[in-house]
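> A structural model of the following input is requested.
(4 chains)
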Number of protein chains: 4
Amino acid sequence: MSMNTYGHLFRVTTWGESHGPALGATVDGCPPGIPLCEEDLQHWLDKRKPGQNRFTTQRREPDAVEILSGVYEGQTTGTPIQLMIRNTDQRSKDYGDIAEKFRPGHADITYWQKYGIRDPRGGGRSSARETAARVAAGGVARRALAVLAPEIDIVGYMVQMGPHRADPANFDLEQIPQNPFWTPDPEAAEVWGAYLDALRKSGDSVGAAIEVRISGAPAGLGAPIYGKLDTDLAAAMMSINAVKGVEIGEGMASAGLTGTENADEIEMGESGPVYNSNHAGGILGGISTGQDIIVRFAVKPTSSILTPRKTITRDGQPTEIVTKGRHDPCVGIRAVPVGEAMAAAVILDHLLLHRGQVGDGPRGAIG
Amino acid sequence: MSMNTYGHLFRVTTWGESHGPALGATVDGCPPGIPLCEEDLQHWLDKRKPGQNRFTTQRREPDAVEILSGVYEGQTTGTPIQLMIRNTDQRSKDYGDIAEKFRPGHADITYWQKYGIRDPRGGGRSSARETAARVAAGGVARRALAVLAPEIDIVGYMVQMGPHRADPANFDLEQIPQNPFWTPDPEAAEVWGAYLDALRKSGDSVGAAIEVRISGAPAGLGAPIYGKLDTDLAAAMMSINAVKGVEIGEGMASAGLTGTENADEIEMGESGPVYNSNHAGGILGGISTGQDIIVRFAVKPTSSILTPRKTITRDGQPTEIVTKGRHDPCVGIRAVPVGEAMAAAVILDHLLLHRGQVGDGPRGAIG
Amino acid sequence: MSMNTYGHLFRVTTWGESHGPALGATVDGCPPGIPLCEEDLQHWLDKRKPGQNRFTTQRREPDAVEILSGVYEGQTTGTPIQLMIRNTDQRSKDYGDIAEKFRPGHADITYWQKYGIRDPRGGGRSSARETAARVAAGGVARRALAVLAPEIDIVGYMVQMGPHRADPANFDLEQIPQNPFWTPDPEAAEVWGAYLDALRKSGDSVGAAIEVRISGAPAGLGAPIYGKLDTDLAAAMMSINAVKGVEIGEGMASAGLTGTENADEIEMGESGPVYNSNHAGGILGGISTGQDIIVRFAVKPTSSILTPRKTITRDGQPTEIVTKGRHDPCVGIRAVPVGEAMAAAVILDHLLLHRGQVGDGPRGAIG
Amino acid sequence: MSMNTYGHLFRVTTWGESHGPALGATVDGCPPGIPLCEEDLQHWLDKRKPGQNRFTTQRREPDAVEILSGVYEGQTTGTPIQLMIRNTDQRSKDYGDIAEKFRPGHADITYWQKYGIRDPRGGGRSSARETAARVAAGGVARRALAVLAPEIDIVGYMVQMGPHRADPANFDLEQIPQNPFWTPDPEAAEVWGAYLDALRKSGDSVGAAIEVRISGAPAGLGAPIYGKLDTDLAAAMMSINAVKGVEIGEGMASAGLTGTENADEIEMGESGPVYNSNHAGGILGGISTGQDIIVRFAVKPTSSILTPRKTITRDGQPTEIVTKGRHDPCVGIRAVPVGEAMAAAVILDHLLLHRGQVGDGPRGAIG
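Numbering: from 1, shown residues only, chains lettered A, B, ... in the order given. A predicted model of the protein is given here:
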């Protein structure tokens, strides 16, 4: 990853500001011959789109993606795919105040300090609106995966909102699309709904934790020592706006375990090794085991809140700020499809990398 | 990061296996004119070196580093610095069993599946011995930082071992080098000592959490959107052997906070902005604020334990394995200098990147 | 350079096909605070634009560039700059024949063999139309250079067309914009005009050699051993469509010289070293000397000619092809601004790289 | 390519100075399971080794390569391969004079200006001795090619020395190893021998041109637009010490051709397309055609000559220099195996890249 680009062979560069004319992603290195049309991508953008229920910002952007290059007669050609999303609902008037004041928790102050110039309209480049480009690029990765490794399934869901955690005992993946929080625990969804309504009315916001499960990935993806699969997944998730922590498998809780507890014992199954637990989150030594790959990340509460907070102006004068405008009380909700998109891009990239260095499929047979 | 390389302008490639003739790091992009000698690096390697107390492996390696290139008359020349550490204590006989059996929790099975060949002696490339090369390279980064940004201080310490957490109320940074766990909480050190003695006797192991604090870093390090400072720190830490989670500032706990709680309010101090809290861990929008940068990571328990665990052979036959040999009961202890080294390399890299794109120092003044 | 991206810190990714909706360049890593508007870029695009005189294709594209991101209130913000050029004159009907036949000298056959799919309309991604994106990106580099190193001047010109070479004795740089061939030799311009008229009427085409002179660049740009300034210039020029050779200074002719002839002796001038010749083309050991940097490249004759040539169809059937449509008889003419643009991007990139690793300006004083 | 690294998936980082303890190459991304031992590499190093006949420097280095990592039981493991060559014949006394004076044509002055420090012993990092590391790394690439694409053959040879060109009519590839110049033209070898004897006695030196022919490479290697096969070959060759020009196929001479002359007509052969000429040098649009790939480069005359040349000291004082010591009168001779090595590395890299993005082999069938 560097500057505005991620990926090794499947490489994505995003561009654009919240309130400029457009934003998008330049996707390079996609395999040729992959069926791809705008509707394929729109499906995922709609999942992320604001204004879909009372829990997300009421900014209404159609977020319609245009494919400007790299596709011919419905198939990828192997050349760069340019994905552009026009910004249509740019109410810059909402943001006048923040050109002079630095919003706590936002990148206003750091962009200013670094660059000596910043686009304050809607947060400019640091706006979470950038994640629309990620979702579009992730849609391309999903299409390529559907051809190259159709057995792979990637699904994200919320597992914690503020003090309330979902209960793994209630997990039903089919519930995910049936509630506004993309959670597999329907009981949690109810609790969260009431909790978030109250928060929203008070002008406050809250954090969340998202888990992404990648199932069906073959053993052998990833590489020592810095190109590990978990390294790239961690970087991918940490690069998402407002993310402050990333975990693989047991994650931070592994600090609390003993070796006896943590070992995932191995047995021989019908079609290869099986493990009697998955503390490792599907990755050993940076390389996939064939188990479900489990990555989890925490999204901090939206920094734009109605509670007045102390800050300073560009001139160094003390002041207060209340961030009006249309903001998600829990930006973690819309981070679910973003996490999925990043996972898809990383997995595809590692499939291509593995194929490049080693060839198709795992190389060492067992049994 | 890719394959065995990390960094953008300050770039480190490590090489070598646990029981080969040597391992090392190729360090490219170091600024010229930095005073550097082998003793500078040896200092940090000694901190990581095994066999220093009863809580680390009794494998006795001098871990003596040789500088083979890139230094002339005691100064870096700007050309690649080759750091080589000879392996001297290679008791391959200890490892005979594991050539055929896959140790649970280790990379044995995934290296085999990926490559169809693996060096089983001591874990080969996947051995934590590789971290010696990181520590050596981090020592170079520290020397460069001492010249370019002497106000930066990087210190790592253990904050959790198994179920026992250090108490921030007890924190005294001067305590860190005075106990075998590199913890600033002397009370925790006592508890952990007794706890680990018991574990060691039972042949078990335990996880740990390490925190690295970077103070004195200027505002403005990092870059949107994928080259964020926290993205690179997360990747750097996740790439360390046995790490399963990485946090910046509040980390995973930010999922549990409200926006009001999480906001780090800004005031004007004598020499620039000051913040009345640091939930953000010193990074906003991927760019440093000038506050302390706080990164934390969890190290899973050593997978080599004396408790028999179920596994399979390369032929797919069920078996059991007990990993004899000399192993750290808490590999997290020796991860402390490794985390520091990775932090030093990332910070130096971002100083150079910032200087490249923007010039020396922050560019936007406040007040 | 990799896939569709070039540059290290100043990084350009181009995208788009000849007859798709648009093409463009994603420019990342530009320093912040650089004044930039569309007119700045249009100036250079107009220089490259077809249809300006009888010696270039009559395809009429306004080649109007839009800046979609990375600029705020007339200044670069340090974030990605998206430059888009709409394709407006897409007469696909001209190209029906070539979907089935491979044009000799074109990439039709290799794109097909590599990808199993190709966009045949106007050559798709392999069309020289891609160079419009290079010119736009080079315009950004020029603006940054004007701020960071205003003493640098970059000028390209044609030095050979077919059998006719310009005579260095006639060189007058002020003549360059005054003839359709961008040549400093007015006598050559006359000869070439008559020669090209005849060729054009016969439906044939011809090659050319272009030289780019970069004056005013400081000593110290470039780096050992693979990041040499001449390495990057060679790659930059060789990546331009139809280029088959690249030379620095004496170039291929250095094979014919003795060491005594080739040595550029050094004397001390008023403001530093001066050289009594420049066989080296301003680069020693991959690093600039402060002399004029001289790079030269050969552009093969346009492969689209009216003379029937033998070829095969996708089915492997023998056939003949005559490439109708609107084609430059000497594509080298329009390669002049492209070479300048690539040079500007490379020089800016190396200025930033040098500043990153070493700091501003040369580091070792002489005298 | 950047700093001291080249390649995308097969990546080589070289390190070391002429008179330091050692130099070498860190080779990352090699496919696993490739048979490899030190003798395989020594074969190529011996070809490059100085002191083999009266036309190369009498510095006597055994240039014995050690494999320090990445190989287990005679096979590559897919992890980094460290290749180290000890410097044994370091007569630093020969070089005392040049610490203060800048040798014309050498990188002494530019390294000093860039870094403010340089290792003057034997040219330090800028010495052609670095090419030993290239040759070793190229030997690894050759072994991998022998497994992955055994039909590929790479051979380099000298085609020009000073004013004397080899005559293609005399070409007999079997002659190449039978003369000290690696030329396929036995008549040229005789002329050059006499010519070089005279030059050597007069203390002068001379340039040369080398051609590398890669036969048997499949169609489809390379990628638009900046990751072209010819772009990477050009960069690879230009990065070799003393190289000032690179050509593909017709090269610079293509500036002098008409389109009718230059077209390589296509016919259908028994096993695919055949071309009735190869002006393109086996590459169209940056992608291999399946024809022989022809790359040629010019090596300038050795700058170390016995003729006194004017120069300055570090203090800016005028002086003269005569470069004593042991130097090749035609450094181009030993550049032959270096060019072959670079070609091997580039071709392997592109095979892996193609396999990564597209899969094994060409994708579009013809006929």
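
> Show the low-confidence segments of the stretch 51-200 of chain A, by residue range.
Low-confidence regions of the stretch 51-200 of chain A, defined here as pLDDT under 70, cover residues A:51, A:57-60, A:89-96.

> next one: the stretch 201-350 of chain A
For the stretch 201-350 of chain A, residues meeting the criterion pLDDT under 70 lie at A:325-326.

> Could you tell me which residues of it lie near chain D?
A:Ala223, A:Pro224 (C-beta under 8 Å from any C-beta of the partner chain). (Each C-beta comes from the backbone N, C-alpha and C, glycine too.)

> Tell me where the stretch 201-350 of chain A has helices.
Remark: helices assigned in the stretch 201-350 of chain A by DSSP state H, counting those that start in this stretch are A:229-238, A:259-262, A:332-357.

> any residue of the helix or strand where A:Gln113 lies up close to chain C?
With elements delineated by DSSP states H and E, A:Gln113 resides in helix A:108-115, which encompasses its position. Yes - looking at helix A:108-115 against chain C by C-beta under 8 Å from any C-beta, the contacts come from A:Tyr111, A:Lys114, A:Tyr115.

> Kindly report the same for stretch A:217-229.
No - residues of stretch A:217-229 contacting chain C under C-beta under 8 Å from any C-beta: none, with a closest distance of 15.4 Å.

> what's the span of that stretch, first residue to last?
12 Å (C-alpha to C-alpha, to the nearest Å).

> can you give me how far it is from the chain middle?
Taking the mean of its C-alpha atoms, stretch A:217-229 sits 20 Å from the chain's own mean (C-alpha atoms, centre = their mean, to the nearest Å).

> same thing with stretch A:195-214?
Chain-centre distance of stretch A:195-214: 16 Å, with C-alpha atoms, centre = their mean.

> Of all the residues in that stretch, which ones are buried?
A:195-196, A:199-200, A:203-214 (16 or more other C-beta atoms under 10 Å in any protein chain shown).

> Stretch A:348-358 too?
Taking 16+ other C-beta under 10 Å as the criterion, stretch A:348-358 shows A:Leu348, A:Asp349, A:His350, A:Leu351, A:Leu352, A:Leu353, A:His354, A:Arg355, A:Gly356, A:Gln357, A:Val358 as buried.

> any idea how far the residue lying closest to the third one once chain neighbours are set aside lies from chain D?
Leaving aside its chain neighbours, A:His350 sits nearest to A:Leu221 (4.2 Å; criterion: C-beta to C-beta, 6 or more residues apart in numbering or on different chains). A:Leu221 sits 13 Å away from chain D when distances are taken as C-beta to the nearest C-beta, to the nearest Å.

> How about A:Met238?
Summarising the geometry, the distance separating A:Met238 from chain D, computed by C-beta to the nearest C-beta, is 24 Å.

> What of A:Leu306?
For A:Leu306, the distance to chain D under the criterion C-beta to the nearest C-beta works out to 48 Å.

> tell me, how many neighbours does that residue end up with?
For A:Leu306, the neighbour count with other C-beta atoms under 10 Å in any protein chain shown is 16.

> The helix holding A:Gln113 packs against which elements?
For helix A:108-115, the helices and strands in contact under the criterion 3 or more C-beta pairs under 8 Å, 6 or more residues apart in numbering or on different chains; DSSP states H and E are strand B:283-284, strand B:287-288.

> on that earlier part again, list just the one of the helices of the stretch 201-350 of chain A that sits closest to C:Gly123.
Closest to C:Gly123 of these is helix A:332-357 (C-beta to C-beta; 26.2 Å).

> Run a quick neighbour tally on A:Pro177.
By other C-beta under 10 Å, 10 other residues sit near A:Pro177.

> Surely it forms part of a helix?
Yes - A:Pro177: assigned to a helix according to DSSP: H, G, I helix; E, B strand; the rest coil.

> Against C:Pro150, how distant is it?
A:Pro177 sits 58 Å away from C:Pro150, taking C-beta to C-beta, to the nearest Å as the criterion.

> Give me the nearest residue to the residue of the stretch 151-300 of chain A found nearest chain B, chain neighbours excluded.
Nearest to chain B, among the residues of the stretch 151-300 of chain A, is A:Gly285, at 2.3 Å (C-beta to the nearest C-beta). Sequence neighbours aside, B:Ala107 is the residue nearest to A:Gly285 in space, at 2.3 Å (criterion: C-beta to C-beta, 6+ apart).

> if we can go back for a sec, name the nearest of the buried residues of stretch A:195-214 relative to D:Glu261.
Nearest to D:Glu261, judged by C-beta to C-beta, of those is A:Ile214 at 56.0 Å.

> Could you give the bridge partners of that closest one?
Per DSSP bridges, the residues bridged to A:Ile214 are A:Ile154, A:Ile293.

> ok, now which ones touch it?
Going by C-beta atoms under 8 Å, 6 or more residues apart in numbering or on different chains, A:Ile214 touches A:Ile152, A:Asp153, A:Ile154, A:Gly282, A:Asp292, A:Ile293, A:Ile294, A:Val295, A:Ala343, A:Ile347.

> re earlier: okay, now the residue nearest to A:His350: neighbour count?
Other residues lying near A:Leu221 total 30 when counted by other C-beta under 10 Å.

> who touches it in this structure?
Listed by C-beta under 8 Å, 6+ apart, the contact set of A:Leu221 reads A:Leu229, A:Ile287, A:Ser288, A:Ile347, A:His350, A:Leu351, A:His354, B:Lys114.

> One more pass at 6 Å, please.
Remark: with contacts taken as C-beta atoms under 6 Å, 6 or more residues apart in numbering or on different chains, A:Leu221 is in contact with A:Leu229, A:Ser288, A:His350, A:His354.

> ok, of the residues you listed, which one's closest to A:His8?
For A:His8, the nearest member of those is A:His350. The distance, counting by C-beta to C-beta, is 8.3 Å.

> and the gap between the closest one and A:Ile321?
A:His350 is 43 Å from A:Ile321, by C-beta to C-beta.

> and what of A:Pro120?
12 Å.

> do A:Met237 as well
Taking C-beta to C-beta as the measure, A:Met237 and A:Ile321 are separated by 29 Å.

> Neighbour count for these two, which is higher?
A:Met237 (29 against 26).

> give the contact list for the more buried one.
By C-beta under 6 Å, 6+ apart, A:Met237 lies in contact with A:Val243, A:Val246, A:Phe297.

> again, but for A:Leu41
Applying C-beta under 6 Å, 6+ apart, we find A:Leu41 in contact with A:Val65, A:Ala136, A:Gly139.

> How about A:Pro184?
When contacts are counted by C-beta under 6 Å, 6+ apart, A:Pro184 touches A:Tyr157, A:Phe171, A:Asp172, A:Leu173, A:Gln175, A:Ile176.

> can you redo those residues as TSV with distance to chain B?
Shown next, in TSV, are these (distance: C-beta to the nearest C-beta, whole Å):
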residue	distance to chain B
A:Tyr157	14
A:Phe171	18
A:Asp172	22
A:Leu173	21
A:Gln175	20
A:Ile176	18
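
> Out of the residues you listed, which is nearest to chain C?
A:Tyr157 (31.3 Å).

> who does the helix or strand harbouring the closest one touch, helix- and strand-wise?
Counting by DSSP H and E, the element that carries A:Tyr157 is strand A:153-161. For strand A:153-161, the helices and strands in contact under the criterion 3 or more C-beta pairs under 6 Å, 6 or more residues apart in numbering or on different chains; DSSP states H and E are strand A:208-215, helix A:332-357.
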